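S.K.: Task: produce atomic coordinates for the following.
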Amino acid sequence: MKIDLKIGKVTFSEELPKESKLWLERLIEKILLNEISTDLTLQASILARNMKNEKILDKESS
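M.R.: Below is the predicted model of the structure:
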């Protein structure tokens, strides 16, 4: 069985820390969702929870 692997480099921008953090979180989220499950209901549940947590954090930082 042959597995295709990809290597990438991610850097954090100090000029745009919020945008960099959000992009990195979304990248990790996508990788994890692709790896953990093919159950769409579970994926939707995880995404909905993450969006809810993000809204709470945005309110706290304002």
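S.K.: how about the helices in this structure?
M.R.: Using DSSP state H, the helices of the chain run over 17-36, 40-61.
S.K.: what packs against the first one?
M.R.: With contacts defined as 3 or more C-beta pairs under 8 Å, 6 or more residues apart in numbering; DSSP states H and E, helix 17-36 has these neighbours: helix 40-61. In short, each C-beta sits where N, CA and C put it, glycine included.
S.K.: okay, now residue 22: neighbour count?
M.R.: Counted with other C-beta atoms under 10 Å, residues neighbouring residue 22 total 12.
S.K.: can you pull the contacts of residue 30?
M.R.: The contact partners of residue 30, by C-beta atoms under 8 Å, 6 or more residues apart in numbering, come to none.
S.K.: separation between it and residue 23?
M.R.: For residue 30, the distance to residue 23 equals 11 Å [C-beta to C-beta, to the nearest Å].
S.K.: go on, residue 47?
M.R.: For residue 47, the distance to residue 23 - C-beta to C-beta - is 16 Å.
S.K.: pLDDT score for residue 59?
M.R.: pLDDT for residue 59: 61.
S.K.: before we move on, the earlier item: return the member of the helices of the chain having the minimum mean pLDDT.
M.R.: Lowest mean pLDDT of the helices of the chain: helix 40-61, a mean of 73.
S.K.: Export the helices of the chain as CSV, with columns for distance to residue 6.
M.R.: Formatted as CSV, the helices of the chain follow (distance: least, C-beta to C-beta, whole Å):
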stretch, distance to residue 6
helix 17-36, 10
helix 40-61, 21
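S.K.: of all those, which lies closest to residue 5?
M.R.: Set against residue 5 and scored by C-beta to C-beta, the helices of the chain come closest in helix 17-36, at 12.6 Å.
S.K.: Give me the buried stretch members for the closest one, please.
M.R.: Along helix 17-36, these residues count as buried under the neighbour rule (16 or more other C-beta atoms under 10 Å): residue 33.
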